[in-house]
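In: I would like to see how this sequence folds:
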Amino acid sequence: MRFLHYILMLPLVICAAVVIYLADSASGITFVPFFNEEFNVKVILALVLIFGYFCGRLNSWFVYAPTRRDLRLQKKANKALHKEHNKLNETVTGLQQDITNMKATPAVSSPVSGATRGLLAEIKNKFSAKKGNS
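Out: Residues are numbered from 1 along each chain as shown. Model prediction:
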């Protein structure tokens, strides 16, 4: 974008310099209300062009003020979202590590031993057989 700016501004600056150079410097301009001296036309043209340039820059600064404000607000929101994203990533990573640790730990064995389980299964079978016979 800066390249395009220079491509457009270069011919304008050259034209301004040519106009200032070709101005008739033999006759001067007298500002009676303010000064009683004659001023060189080239100096006045150069001052007017410089004043116009700075007025244009000031105007563009005011025109793009809302855009700059919106960009500042978007950057602030982006930073907040980035922080929240990092927190959520840390939480997810911690949860994934917890899941991995749970899968890696051996299952807790039942407090009932194998012999007791066999005995309980026999009792269950006896009672279920009695219900079936009745």
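
In: for the helix or strand harbouring residue 5, packing partners?
Out: Element membership for residue 5, per DSSP states H and E: helix 2-22. Where contact means 3 or more C-beta pairs under 8 Å, 6 or more residues apart in numbering; DSSP states H and E, helix 2-22 is packed against helix 41-63. Bear in mind the C-beta positions are built from the backbone N, C-alpha and C, glycine included.

In: helix or strand right after the helix it packs on?
Out: helix 65-104.

In: for this structure, what are the low-confidence residue spans?
Out: Residues of the chain that meet the criterion pLDDT under 70 lie in 1, 23-37, 107-112, 130-134.

In: so how many other residues sit close to residue 105?
Out: 8 (other C-beta atoms under 10 Å).

In: nope, residue 42 is what I was after
Out: Around residue 42 there are 15 residues (other C-beta under 10 Å).

In: Would you confirm that it contacts residue 20?
Out: Yes - using C-beta atoms under 8 Å, residue 42 makes contact with residue 20 at a distance of 5.3 Å.

In: Need the residues touching each of the two.
Out: Residues touching both residue 42 and residue 20 by C-beta atoms under 8 Å, 6 or more residues apart in numbering: none at all.

In: How far does the helix or strand containing residue 117 sit from its chain's centre?
Out: According to DSSP H and E, residue 117 maps onto helix 114-133. Between the centre of helix 114-133 and the centre of its chain there are 70 Å (C-alpha atoms, centre = their mean, to the nearest Å).
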